[in-house]
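S.K.: Okay, sequence plus prediction incoming.
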Amino acid sequence: MSYVQVVNIDKSFQGRQVLKGIELDIEKGEFVTLLGPSGCGKTTLLRIIAGLERGDGGKVIVNQREIQEGQSKKEQNIGMVFQSYALFPNMTAFENIAFGLKIKKIPSAEIRKQVQEVMDILSITGKENNYPHQMSGGQQQRVALARALVVKPDLLLLDEPLSAVDAKVRESARTLIRDVQRKMGITTIFVTHDQLEALVMSDRIVVINNGEVMQYGTPEQIYHKPANKFVAQFIGTYNFVPGTLVGLPKADEVCIRPEHVLLVGSDELSQMGEADDIKLQGTLENFYILGNTARAEVVVQGRTIVVDHLNRFAGSRFALKEEVGLLIEKKACTTLES
Ligand code: ATP
């Protein structure tokens, strides 16, 4: 039996259904991310799992116990970190972190030891006496995480805890959360609408759209074998081109990742690749640098095909409006359900 079971959860607000028959199984120690566009139902699902909201149907079982709305935190042993951190403003970092242990009436020497341990793991030792307003966003976020972790919850729920910190802090916080979660072996459900964050952090990802699970799988499965067009469009970039354009008359639409398309000189194309590779001629319309990758947009018979490659050269080999060639391995093309 899975450690967390979400069974057939439905939820409507004012007659509008926002969750439809959600089913999830999560193993002990797994890091699972709920990913989807704004308003798709991620927070509502997380709140139902936490017992803060009641589903209209279905049930949630954590560590063999069914979650009931209104149960005390102590009964449930679920830790939660919100977007806003929700630290107590009139308490120091130490007092904030110690709060859950005090409620459990743990002796103060033991509290001191446990708080210190978790502060060490999260690299916030030395901030014990700081109030929330005396700490940076990143430090406050780590205090909130420490407060949730110190009680060793059966399940940790994180609702976009990185949304309020800047890009650099966010990147290191991702690694930190994942390291701590692995080290402590805490089963975690993380909510984000950031696909990169989900790919980097998760053991498995639940892609949700309009209150329905579109796909539940590992980052590899979600990226390389998207279940449908929504998942393909939401995770990374895909080219959707008519089958006829790539010499596949029967397929309605063919999907190709930009990194599977090779940009070459139009005069080089005939000597390159294997016999069954797809070879197209087009015009380079755009070229821009995304960071460590560069992106070209090539128009072939009126359709734009996006090509990504590593950004190892200064600028493009080709001029804008130049005729270029595209080489695509046939096996890199897939068709998807809409
Ligand atoms: P975001 O990424 O923007 O936080 P989300 O995927 O977490 O979005 P939810 O907050 O779960 O989405 O909301 C799902 C839908 O349910 C939205 O259309 C929202 O307006 C609606 N909703 C959520 N809570 C309530 C409520 N208490 N009353 C009425 N409608 C609600």
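M.R.: Now that the structure is in, tell me what you want to look at.
S.K.: next structured bit after the top helix by length along the chain?
M.R.: Taking DSSP state H as the criterion, the chain has its longest helix at helix 167-184. Using DSSP states H and E, the helix or strand that follows helix 167-184 in sequence is strand 187-192.
S.K.: quick one, that next one and helix 167-184 angle?
M.R.: 160 degrees (axes from the mean of the first three to the mean of the last three CA atoms, to 10 degrees).
S.K.: middle-most residue in this structure, spatially?
M.R.: Nearest to the mean C-alpha position of the chain, by CA atoms, centre = their mean, lies Ala198 at 1.8 Å.
S.K.: what are the ranges of the strands in the stretch 101-250 of the chain?
M.R.: Shown for the stretch 101-250 of the chain, the strands assigned by DSSP state E, counting those that start in this stretch span residues 155-159, 187-192, 204-209, 212-217, 239-242.
S.K.: JSON lines for the ones you listed, including distance to the ligand and mean pLDDT?
M.R.: (Each C-beta comes from the backbone N, C-alpha and C, glycine too.) What follows is the strands of the stretch 101-250 of the chain, written out as JSON lines (distance: least, CB to the nearest ligand atom, whole Å; pLDDT from 0 to 100):
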{"stretch": "strand 155-159", "distance to the ligand": "8", "mean pLDDT": "93"}
{"stretch": "strand 187-192", "distance to the ligand": "7", "mean pLDDT": "95"}
{"stretch": "strand 204-209", "distance to the ligand": "7", "mean pLDDT": "98"}
{"stretch": "strand 212-217", "distance to the ligand": "12", "mean pLDDT": "97"}
{"stretch": "strand 239-242", "distance to the ligand": "25", "mean pLDDT": "89"}
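S.K.: Just the pLDDT for Asp203.
M.R.: For Asp203, the pLDDT comes out at 97.
S.K.: That one contacts Lys28, correct?
M.R.: No - applying CB atoms under 8 Å, one finds Asp203 not in contact with Lys28, separated by 11.4 Å.
S.K.: Neighbour count for those two, which is higher?
M.R.: Asp203 (17 against 13; other CB atoms under 10 Å).
S.K.: The more buried one and the ligand: what is the separation?
M.R.: 21 Å (CB to the nearest ligand atom, to the nearest Å).
S.K.: show me the contacts for that residue.
M.R.: Glu30, Phe31, Val32, Thr218 (CB atoms under 8 Å, 6 or more residues apart in numbering).
S.K.: can you do 6 Å?
M.R.: Asp203 is in contact with Glu30, Phe31, counting by CB atoms under 6 Å, 6 or more residues apart in numbering.
S.K.: quick one: pLDDT of the closest residue to the ligand within the stretch 101-250 of the chain?
M.R.: Nearest to the ligand, among the residues of the stretch 101-250 of the chain, is His193, at 4.9 Å (CB to the nearest ligand atom). Here, the pLDDT recorded for His193 equals 88.
S.K.: now Gly15
M.R.: Taking Gly15 on its own, its pLDDT is 91.
S.K.: my read: Val231 touches Gln215, true?
M.R.: Yes - assessed by CB atoms under 6 Å, Val231 is found in contact with Gln215 at 4.9 Å.
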